[in-house]
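Chemist: what's the 3D shape of this:
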Amino acid sequence: MTVLSVNVNKIALLRNSRGRDFPSVLGFSEQLIDLGVRGITVHPRPDERHVTRRDVYELSEMLKDKPQVEFNIEGYPSADFIKMVLQVCPDQCTLVPDSPDQLTSDHGWDLVENRATLLRVLSELREKDIRSSLFLDPDPQMLEQVPSVGADRIELYTEDYASHFASSEQDAVFERYRITAQRAEQLGIGLNAGHDLDLQNLPKFLEIPNILEVSIGHALIVESLQLGVAEVISRYLAIVDGSGIK
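Modeler: Numbering: from 1, shown residues only. Here you go, the predicted model:
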């Protein structure tokens, strides 16, 4: 079964727009867990425009009493970010190659160009028993570099898949992801996926076997406004419960 990890950044963004703790990131995360979600993701950025450092520490404390729920912290491996991650010790840290002013993640790592940085950071995560994941495009050649830097998993950047879903190019784009996923399995690399996945395109994507985790935020929050949180979570859990994990 694939784990659904809900990215709560958009809840924090909504809260920050009014200057008080409503909606509560902590409260919303607890609601998700009560509905059966087994993963919470945050992506704190340097300007704290949505999830803040305080959110990270508060979520970490809350999740200590919920061992069935994985905590995933995403972000660019700056010194401040890694210091926070090493203090919190989440279940997983997903490293993304974002610039500080980037609106949202839009590309995977160049593992050749960033090899030295990633080797150092991944070693630090390993020493703390924090599972690592690298945000990666569906590029089999780049995937071949992953074992040499020592990452546990990759997170396939799925925007290209989502943007071509239900188009004439869908099958060709999907095949790139399938081939990359197949090679990752051969190399013993765990597979996560995320970015612009939603209720419509997720079932097709999970025809790819052995996707361990999908991280979904923006679409899930929008769908929850339309259909209600409980209904949306129920639909996502039905999808991932029937996924191709072997």
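Chemist: where does the prediction get shaky in this protein?
Modeler: In the predicted model of the chain, residues 99-106, 243-246 satisfy pLDDT under 70.
Chemist: run the last query once more with 50
Modeler: 244-246 (pLDDT under 50).
Chemist: tell me which residue lies nearest the centroid of it.
Modeler: With distances taken as Cα atoms, centre = their mean, residue 215 lies nearest the centre of the chain, 3.9 Å away.
Chemist: tell me how far the residue nearest to that residue when sequence neighbours are not counted lies from residue 88.
Modeler: In space, and not counting its chain neighbours, residue 215 is closest to residue 194: 3.6 Å by Cβ to Cβ, 6 or more residues apart in numbering. (Each C-beta comes from the backbone N, C-alpha and C, glycine too.) Per Cβ to Cβ, to the nearest Å, residue 194 is found 20 Å from residue 88.
Chemist: likewise for residue 23?
Modeler: Separation of residue 23 from residue 88 (Cβ to Cβ): 22 Å.
Chemist: show me which of the two is the more surrounded one.
Modeler: residue 88 (19 against 16; other Cβ atoms under 10 Å).
Chemist: pretty sure the more buried one contacts residue 73?
Modeler: Yes - using Cβ atoms under 8 Å, residue 88 is in contact with residue 73, at 6.9 Å.
Chemist: which neighbours do the two share?
Modeler: Common contacts of residue 88 and residue 73, defined by Cβ atoms under 8 Å, 6 or more residues apart in numbering, comprise residue 56.
Chemist: wait, is residue 179 part of a helix?
Modeler: Yes - membership of residue 179 in a helix is supported by DSSP: H, G, I helix; E, B strand; the rest coil.
Chemist: what's the burial count for it?
Modeler: 14.
Chemist: tell me which residues touch the residue nearest to it when sequence neighbours are not counted, please.
Modeler: Nearest non-adjacent residue to residue 179, counting by Cβ to Cβ, 6+ apart: residue 140, 6.1 Å away. If a contact means Cβ under 8 Å, 6+ apart, then residue 140 has 179-180, 183 as its contacts.
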